[in-house]
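**Student:** this is the structure alone, sequence omitted:
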């Protein structure tokens, strides 16, 4: 049962990790009214329809298509009067920030944010203000300035699965195969398979080329 004051900002927390959702709920305390939680795209869409939140705290990577899919599935009638979407993600990669904002989010903050900062972001988001962590704001400005080739980033990344993107980013950052395997809880053989697929899909021939490709697109 919510302890938020009557008439408080109604918030839906969408993340596929139950412990993280519980942590966010605890951080928010009684400053807002957490009306529901959801763990995947279908649950999120259903919860929005049922609870009509003011703000949706939305993870970028979700089972069922990701945070962008949740926003894509909102009916046109909700465009003006529907919830404001605020991405709350562990990812600070340029393509996630730009792609999520292009999909309709009013803001993007990382999970390193403090409780009071998150409350402030929610309040600003509910008033339709744009909220972007200072370090990430540069990605958005660069995208509008043409420094980042958004279309090229999207087209290339669309060829990769979510797991391939994770492997790609770690390898490009200089991780050894065994370190990637440990980080993602998969076998070294699986890492090798994903890496081969990444290089083939991106038409690259080496780790060095992959690192340069990722660096040019600010994916590191």
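**Tutor:** Arrived safely. All of these numbers come straight from a predicted model, not from anything done at the bench.

**Student:** shouldn't residue 191 be in contact with residue 167?
**Tutor:** Yes. Look at residue 191 against residue 167 with Cβ atoms under 8 Å: they come within range, at 6.0 Å. For glycine as for every other residue, the C-beta is placed from the backbone atoms N, C-alpha and C.

**Student:** which neighbours do these two share?
**Tutor:** Applying Cβ atoms under 8 Å, 6 or more residues apart in numbering, one finds that residue 191 and residue 167 are jointly contacted by 180, 184.

**Student:** residue nearest the centroid of the protein?
**Tutor:** With distances taken as Cα atoms, centre = their mean, the residue of the chain nearest its centroid is residue 60 (2.2 Å).

**Student:** quick one: buried residues of the longest helix seen in the chain?
**Tutor:** The helix of greatest length in the chain, counted in residues with DSSP state H as the criterion, is given as helix 188-202. Of the residues in helix 188-202, those buried by neighbour count under the rule 16 or more other Cβ atoms under 10 Å are 190-191, 194-195, 197-199, 201-202.

**Student:** please apply the same query to stretch 199-218.
**Tutor:** 199, 201-202, 204, 210-211, 213-214, 217-218.

**Student:** ok, the buried residues of helix 188-202 vs residue 171, which is closest?
**Tutor:** The shortest distance between residue 171 and any of the buried residues of helix 188-202, using Cβ to Cβ, involves residue 195 and amounts to 6.1 Å.

**Student:** just checking, that closest one touches residue 172?
**Tutor:** No. Applying Cβ under 8 Å as the test, residue 195 and residue 172 come out as separate, 10.5 Å apart.

**Student:** returning to what we had before: so which of the buried residues of stretch 199-218 comes closest to residue 118?
**Tutor:** Nearest to residue 118 among the buried residues of stretch 199-218, counting by Cβ to Cβ, is residue 218 at 24.8 Å.

**Student:** in this protein, which spans are helices?
**Tutor:** Per DSSP H, the chain has helices spanning 18-28, 41-51, 67-72, 78-81, 94-103, 115-126, 134-145, 150-157, 162-172, 177-184, 188-202, 207-216. These are given in chain order.

**Student:** kindly provide the whole-number mean pLDDT of the second one.
**Tutor:** When you say that, I think you mean helix 41-51. When pLDDT is averaged over helix 41-51, the result is 94.
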